[in-house]
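# fold the stuff below for me.
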Amino acid sequence: MKVTIVGAGNVGASCADAISYRGIASEVVLLDIKEGFAEGKAMDIMQCATNTGFNTQLSGVTNDYSKTANSDVVVITSGIPRKPGMTREELIGINAGIVKSVAENVLTHSPNAIIVVVSNPMDTMTYLTLKATGIPKNRIIGMGGALDSSRFRYYLSKALNTPANDISAMVIGGHGDTTMIPLTRLASYNGIPVSEFLSQEQLDKVAADTMVGGATLTGLLGTSAWYAPGASVAYLVDSILNNQRKMIACSVFLEGEYGQQDICIGVPCIIGKNGIEQILDISLNDAEKALFAKSADAVRNMNADLKSVLA
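I've put the predicted structure just below:
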């Protein structure tokens, strides 16, 4: 199985490292427009092989899409990352043209690839990729929900003082500081609702911390985070390539689910060899429905800025 990662920055390189280290794919191609950058990152990772025991073949290329031919999955991380004080939404004008060009180039050489979009603003870039390429919607997946859910579980584990892997929790809605919806009502600790252990005040704080989780790291690091995003991509790619059919919150194109049309936004999905195998239209309470509708309106407003790119 072959995976191409476009963009050898912090997120792309972390993704390549996680996929290689875990042996998810037999071949990984890391591509970047900066001369020698992807080659250097790939060489550095490959020099870990004898010490960490992985056998994935990883190579780096400079802007040569022919080397990505016959990829099963293509991950797009291209574009500029957030800087302190910058919202994901402010990246639209810069990243839209980049993501559109990348998607068209990779599909020229891998027409059957499943595309995983990481570039921000992620929901809008996922929508752009779908509309610009015209490929089936099951093959376009936005990664944000997987990352937001992992951050949600982290903050719940801190509040509960328990391992994050004992917690089941999901974030739906837009991948933005004000649009994501941590589903505290459905979160559980080894099958028991977390509300049995945490007060409403504590749950509200966990939700608030989750929503600004990315911005918190940007403020601390001076740029976007990369370890957790890279691991989240690897988790998603693993479910695709190995047909694991995991339930993962992903940004996908809705056609009536959750009362929404013509939008890509985060909802629970079954992820397998065909990409989106199933969109799970779970029951939300009235408050959650209202939050989801508000989130969808915000994402749709951002999508309106794509008109010139899609023209």
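# make it CA atoms for all contacts and neighbour counts henceforth
Will do.
# contacting residues for G213?
D148, R151, D177 (Cα atoms under 8 Å, 6 or more residues apart in numbering).
# out of the residues you listed, who has the most neighbours?
Neighbour counts for the contacts of G213, by other Cα atoms under 10 Å, peak at D148, which reaches 32 neighbours.
# number of residues surrounding the closest residue to that one other than its chain neighbours?
Closest residue in space to D148, ignoring its immediate chain neighbours: V171 at 6.0 Å, by Cα to Cα, 6 or more residues apart in numbering. Neighbour count for V171, taken as other Cα under 10 Å: 31.
# got phi/psi on V171?
phi -120, psi 130 (degrees, to the nearest 10).
# is it bridged to anything, and to what?
Judged by DSSP bridges, the bridge partners of V171 are P182.
# surely L130 and I140 touch.
Yes: using Cα atoms under 8 Å, L130 makes contact with I140 at a distance of 6.4 Å.
# who has more neighbours out of the two?
I140 (27 against 23).
# relative to K137, how far out is the closest residue in space to that one that isn't next to it in sequence?
Of all residues not flanking I140 in the chain, I115 sits nearest, at 5.0 Å (Cα to Cα, 6+ apart). In this structure, I115 and K137 are 10 Å apart, going by Cα to Cα, to the nearest Å.
# inside strands: which ones of the contacts of G213?
Per DSSP state E, strands hold no members of those.
# of these, closest to N285?
D148 (20.7 Å; Cα to Cα).
# so who does V74 touch?
Here V74 is in contact with V3, T4, I5, V6, V106, A113, I114, I115, V116 (Cα under 8 Å, 6+ apart).
# let's see which of those end up in strands.
Checking the contacts of V74 against DSSP E, those in strands are V3, T4, I5, V6, I114, I115, V116.
# among these, which one lies nearest to P163?
The nearest one, if we look at the ones in strands among the contacts of V74 relative to P163 and count by Cα to Cα, is V116, at 28.4 Å.
# surely the closest one touches I141?
Yes: under the criterion of Cα under 8 Å, V116 makes contact with I141 at 4.9 Å.
# more neighbours: which of these two?
I141 (30 against 25).
# next, the buried residues of the strand or helix carrying T50.
Using DSSP states H and E, T50 falls within helix 49-52. Within helix 49-52, no residue counts as buried by 16 or more other Cα atoms under 10 Å.
# next secondary structure after it?
strand 57-62.
# now find how far off-centre that following strand is within its chain.
Here the centre of strand 57-62 is set off from its chain's centre by 22 Å, with Cα atoms, centre = their mean, to the nearest Å.
# can you give the strand pairings for that strand, parallel or anti for each?
By DSSP bridges, strand 57-62 pairs with strand 27-32 (parallel).
# which other residues reach the very next helix or strand once past the strand it pairs with?
Heading C-terminal from strand 27-32, the first helix or strand you meet, by DSSP H and E, is helix 37-46. By Cα under 8 Å, 6+ apart, the residues outside helix 37-46 that reach it are 7-8, 13, 17, 30-32, 57-62.
# show me which of those is closest to P193.
For these, the nearest to P193 is D17 (34.9 Å; Cα to Cα).
# the closest one: neighbouring residues, count only.
With other Cα under 10 Å as criterion, D17 counts 25.
# leaving out the residues flanking it, which one is nearest to it?
I45 (6.3 Å).
# now the one you found: how far from Y127?
According to Cα to Cα, I45 stands 32 Å off from Y127.
# same thing with T210?
Taking Cα to Cα, one finds T210 at 24 Å from Y127.
# ok, now V6?
18 Å.
# ranges for the helices of this protein?
Taking DSSP state H, the helices of the chain run over residues 10-21, 37-46, 49-52, 92-109, 122-133, 144-160, 200-211, 213-221, 227-241, 286-303, 307-310.
# nearest to T77, out of these?
Per Cα to Cα, nearest to T77 of the helices of the chain: helix 10-21, 6.0 Å.
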